[in-house]
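Engineer: below are the sequence and a predicted model; questions follow.
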There are 2 protein chains.
Amino acid sequence: MTSSRNDCLALDAADPLAPLRAQFDLPPGVIYLDGNSLGARPIASLKRAQEVIAAEWGQGLIRSWNDADWFALPRTLGDALAPIIGAGKGEVVVTDTTSSNLFKVMAAALDAQRARAPKRKIVVSERSNFPTDLYIVQGLTRLLDDGYSLRLIDSPEELPNALGDDVAVVLLTHVNYRTGAMYDMTARTAEIHAAGALAVWDLCHSAGAVPVDLNGAGADYAVGCTYKYLNGGPGAPAFVWVNKRHQDTFWQPLSGWWGHRTPFAMTPEYTPDDGIGRYLCGTQPIVSLSLVQCGLDIFAQTSMQALRRKSLALTDLFIRLVEERCAEFPLTLVTPREHAARGSQVSFEHPEGFAVVQALIARGVIGDYREPRIMRFGMTPLYTSFADVWDSVEILRDVLSTGSWDKPEFRRRGAVT
Amino acid sequence: MTSSRNDCLALDAADPLAPLRAQFDLPPGVIYLDGNSLGARPIASLKRAQEVIAAEWGQGLIRSWNDADWFALPRTLGDALAPIIGAGKGEVVVTDTTSSNLFKVMAAALDAQRARAPKRKIVVSERSNFPTDLYIVQGLTRLLDDGYSLRLIDSPEELPNALGDDVAVVLLTHVNYRTGAMYDMTARTAEIHAAGALAVWDLCHSAGAVPVDLNGAGADYAVGCTYKYLNGGPGAPAFVWVNKRHQDTFWQPLSGWWGHRTPFAMTPEYTPDDGIGRYLCGTQPIVSLSLVQCGLDIFAQTSMQALRRKSLALTDLFIRLVEERCAEFPLTLVTPREHAARGSQVSFEHPEGFAVVQALIARGVIGDYREPRIMRFGMTPLYTSFADVWDSVEILRDVLSTGSWDKPEFRRRGAVT
């Protein structure tokens, strides 16, 4: 039983993943528990950016679309990302934002259903889903009009009852951004398919955080971001995966020239590329896109299984230490205790969660806050240590026991929190 | 009359814009006439990228969304870009790709017409428009179904006849990517409005290339890219402008969380931000986005009027020298001679245009090729010199007179050209 800082140091000394931390640039004096929001910076990213900017852009100029393989980047990065989410080569592209990729796959899923089951016009999702997912569906269904609409369930338990014969698509986020609760992707996908609907998974809080097996689960479509656990850089382009069985019939309305079969033939009629090319739309931000590789390179040195083992050890330890050492404070665990239902973050409710998080940040422990009352602590086994867990709980205990969070500057809401 | 290289050097010596060239990193031995495809690299971009990556991302981490104003970037860059296109503050955002921004404004324009003139369901555009514009409209009209469709005209002269009472929106590219021909935006917008339609302008080959006055022309919507004449970097995020009269009723289906009035309230219902915030969708690629400022900073040191004077002098000279010094070769000017109808590029047809362009590139003169038979030469007055014009024509003359283009390696088509 880990019950001292020294015990944690011993765990770190024995941790086979511990050396990977040296590949990240972590600021001194900071315990970073927000990799679930923005991943830390791979040290290699600076040199890579210099190459892309000075050599490829500056010297190569327009020639770099060919010579530096810029045009191929969405596909080469997709192939590098694929094993992390249980996808195969030629199944993933890295491009655009999660929101626009979700628009593409939702439109494609509804289009597929229109062909085979035209009366299915309902999209089912969860009220507690990350809002942009719901907003995108609202935008799409309003555009489509004609009876399309969004049906929200209040908890995963309501899913079976929501799956009527009017449901076209179910959109679920694999790991909930607020609670860290994780769906059983295989079981839920089977349930969705049995009801005649298609399954779209948002992997924003899963990719690089937990093992994902899209093909094993038989999922239909997935999207996710690269700037959280995958450490691709702030706002780095997102990814989209489509099951091979849908690739050649996949149709999406953001049919820009990058998705054309022969973009440089400059024909006035859109003809989608064979396979995954058709998920692309417009010209991609090459500098940001190139840096995604630096994050993926670190994943290539380990396995999602090894990362998962450490992630569970970190979150188990964090939960236990908070519950033991901060027992007298009004903290409520909202993350599932059951391993199979937990992502790689721990969330606690506290009535003054916002101010407590600000006070923690002022002390160098960076977690974040989500309405209402939720303090989130992301464990990113590539660079979070067991000593980080110990130290962050000690600082949390200090902030709570001294009441140092109870100051005007910690209660003031900024533009972005 | 400029008739020697020395005359050109004298023009450069007298050119008030000539010192701006020193702010770009141009490769030695290259005459770069492809800024209409990918702008050259502002020297400041490397240092800026280092700050964003090492300091803002690496050290600031998640805090930089507030502390480094990442969240505000689409708006602050939009305000910096606005004067270049005749827009006001609070009217432009820099975000996403041209293709997705076009999807947003086309959907918004059709939505606006649905409310006031529901029988108008036709989008008019030009067959010779940049293909992604047509592809995006095809994607949108297929999604909408219900009688919406795209009507293509074969030349600008056909526009009046195409403007029936079934037309909802006219989508024109201000400067044609292939020929460099420029529309009279004010006159055409008035014509479109008189016919009861809305005017959407694609400024990809105009922004930073020619003076644009969106508000003066009374246009409705505009999109454009930042990676050509604005020198924002490869695939840098694009921009979108909406006339103030449409701002508060603007509705678009890519309604991601960045367009929400209170994105961090995390409510399940989408409520669009007041004004331009609603043109946003998802999280932006911050590294690429940040570099856009470096290009705009150079524009702030001059005016579009000064740039236009030099641009016309450069294109006039290029046309005259090619026609005088390469008169015996089968070159046909496709760019208008009339100043008011010319952008900032010169295009010549040549039966073997593809191979000639490859031979020029091998000689260090970087122009590009567009099907069919068109050789494009972009003049970017921020860094193109009169001596560049002289030298490039001399090399063209040499390539044509020696027939050095007639080699297998110059005839071979690559993946991207």
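Structural biologist: Good, I have the coordinates. Numbering: from 1, shown residues only, chains lettered A, B, ... in the order given.

Engineer: for the lengthiest helix in chain A, packing partners?
Structural biologist: Counting by DSSP state H, the longest helix found in chain A is helix A:304-325. Counting by 3 or more Cβ pairs under 8 Å, 6 or more residues apart in numbering or on different chains; DSSP states H and E, the packing neighbours recorded for helix A:304-325 are strand A:332-333, strand A:345-349, helix A:386-402. Where C-beta positions appear, they are placed from N, C-alpha and C, glycine not excepted.

Engineer: restricting to C-alpha, output it in PDB.
Structural biologist: What follows is the C-alpha trace of helix A:304-325 in PDB, where atoms were taken according to Å, rounded to 0.1, in the frame of the first residue of the first chain:
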ATOM      1  CA  MET A 304      -1.600   1.300 -25.000                       C
ATOM      2  CA  GLN A 305      -1.600  -1.800 -22.700                       C
ATOM      3  CA  ALA A 306       1.400  -0.500 -20.800                       C
ATOM      4  CA  LEU A 307       0.000   3.000 -20.700                       C
ATOM      5  CA  ARG A 308      -3.300   1.700 -19.400                       C
ATOM      6  CA  ARG A 309      -1.700  -0.300 -16.600                       C
ATOM      7  CA  LYS A 310       0.000   2.800 -15.400                       C
ATOM      8  CA  SER A 311      -3.000   5.000 -16.000                       C
ATOM      9  CA  LEU A 312      -5.100   2.800 -13.700                       C
ATOM     10  CA  ALA A 313      -2.400   2.700 -11.100                       C
ATOM     11  CA  LEU A 314      -2.200   6.500 -11.200                       C
ATOM     12  CA  THR A 315      -6.000   7.100 -11.000                       C
ATOM     13  CA  ASP A 316      -6.400   4.400  -8.300                       C
ATOM     14  CA  LEU A 317      -3.800   6.000  -6.300                       C
ATOM     15  CA  PHE A 318      -5.100   9.500  -6.700                       C
ATOM     16  CA  ILE A 319      -8.600   8.400  -5.700                       C
ATOM     17  CA  ARG A 320      -7.400   6.600  -2.700                       C
ATOM     18  CA  LEU A 321      -5.100   9.400  -1.500                       C
ATOM     19  CA  VAL A 322      -7.800  12.100  -1.900                       C
ATOM     20  CA  GLU A 323     -10.300  10.000  -0.100                       C
ATOM     21  CA  GLU A 324      -7.900   9.200   2.700                       C
ATOM     22  CA  ARG A 325      -6.100  12.500   3.100                       C
END
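
Engineer: contact residues of the stretch 251-400 of chain A facing chain B?
Structural biologist: A:251-260, A:263-270, A:281-289, A:291, A:361, A:366, A:368, A:370-371 (Cβ under 8 Å from any Cβ of the partner chain).

Engineer: would you mind checking those for buried ones?
Structural biologist: Neighbour-count burial (16 or more other Cβ atoms under 10 Å in any protein chain shown) applied to these gives A:251-260, A:263-264, A:266-268, A:270, A:281-289, A:291, A:361, A:366, A:368, A:370.

Engineer: residue A:10 belongs to a strand, doesn't it?
Structural biologist: No - using DSSP: H, G, I helix; E, B strand; the rest coil, the secondary structure at residue A:10 is helix, not a strand.

Engineer: quick check: the gap between it and residue A:387.
Structural biologist: For residue A:10, the distance to residue A:387 equals 10 Å [Cβ to Cβ, to the nearest Å].

Engineer: for these two, indicate the residue with more neighbours.
Structural biologist: Remark: of residue A:10 and residue A:387, residue A:387 carries more neighbours, 17 against 14, as counted by other Cβ atoms under 10 Å in any protein chain shown.

Engineer: for the closest residue in space to residue A:317 that isn't next to it in sequence, give me the pLDDT.
Structural biologist: The spatial neighbour of residue A:317 that comes closest, neighbours along the chain excluded (Cβ to Cβ, 6 or more residues apart in numbering or on different chains), is residue A:389 at 5.1 Å. For residue A:389, the model assigns a pLDDT of 98.

Engineer: same question, residue A:143
Structural biologist: As predicted, residue A:143 sits at a pLDDT of 96.

Engineer: show me what contacts it?
Structural biologist: Under the criterion of Cβ atoms under 8 Å, 6 or more residues apart in numbering or on different chains, the contact partners of residue A:143 comprise B:107, B:143-144, B:253.

Engineer: mind listing the strands for the stretch 51-200 of chain A?
Structural biologist: Taking DSSP state E, counting those that start in this stretch as the criterion, the stretch 51-200 of chain A carries its strands at A:92-94, A:122-126, A:149-153, A:167-173, A:198-202.

Engineer: please identify the deepest-packed of those strands.
Structural biologist: strand A:92-94 (a mean of 29; mean count of other Cβ atoms under 10 Å in any protein chain shown).

Engineer: which strands or helices does it pack on?
Structural biologist: Using 3+ Cβ pairs under 8 Å, 6+ apart, the elements in contact with strand A:92-94 are helix A:73-81, strand A:239-242.

Engineer: what about residue A:297, distance to chain B?
Structural biologist: Residue A:297 sits at a distance of 16 Å from chain B (criterion: Cβ to the nearest Cβ, to the nearest Å).

Engineer: quick one: secondary structure of that residue?
Structural biologist: Remark: residue A:297 carries the secondary structure label helix [criterion: three-state DSSP].

Engineer: find the nearest non-adjacent residue to it, please.
Structural biologist: Once flanking residues are discounted, residue A:297 sits nearest to residue A:44: 6.7 Å by Cβ to Cβ, 6+ apart.

Engineer: correct me if wrong: the one you found contacts residue A:294.
Structural biologist: Yes - with contact defined as Cβ atoms under 8 Å, residue A:44 counts as touching residue A:294 (4.4 Å).

Engineer: looking at those two, which has the bigger crowd around it?
Structural biologist: With other Cβ under 10 Å as the criterion, residue A:44 and residue A:294 differ in neighbour count, and residue A:294 comes out ahead with 22 against 17.

Engineer: need the contact list for that one.
Structural biologist: With contacts taken as Cβ under 8 Å, 6+ apart, residue A:294 has the following neighbours: A:42, A:44-45, A:48, A:231-232.

Engineer: just name the closest of the residues you listed to chain B, please.
Structural biologist: The shortest distance between chain B and any of the contacts of residue A:294, using Cβ to the nearest Cβ, involves residue A:45 and amounts to 5.8 Å.

Engineer: which SS class is that closest one?
Structural biologist: Reduced to three states by three-state DSSP, residue A:45 is helix.

Engineer: tell me which of the helices and strands packed on strand A:92-94 lies nearest to residue A:129.
Structural biologist: Distances from residue A:129 to each of these were compared using Cβ to Cβ; the shortest belongs to strand A:239-242, at 17.6 Å.

Engineer: now the element after that closest one, going C-ward?
Structural biologist: The first helix or strand that comes after strand A:239-242 along the chain, using DSSP states H and E, is helix A:244-247.

Engineer: about what we covered before: in TSV: the strands of the stretch 51-200 of chain A, plus distance to residue B:87 and mean pLDDT.
Structural biologist: Formatted as TSV, the strands of the stretch 51-200 of chain A follow (distance: least, Cβ to Cβ, whole Å; pLDDT from 0 to 100):
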stretch	distance to residue B:87	mean pLDDT
strand A:92-94	32	98
strand A:122-126	36	98
strand A:149-153	35	98
strand A:167-173	36	98
strand A:198-202	35	98
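
Engineer: distance to residue A:313 for these - can I get that in CSV?
Structural biologist: Shown next, in CSV, are the strands of the stretch 51-200 of chain A (distance: least, Cβ to Cβ, whole Å):
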stretch, distance to residue A:313
strand A:92-94, 29
strand A:122-126, 29
strand A:149-153, 32
strand A:167-173, 24
strand A:198-202, 26
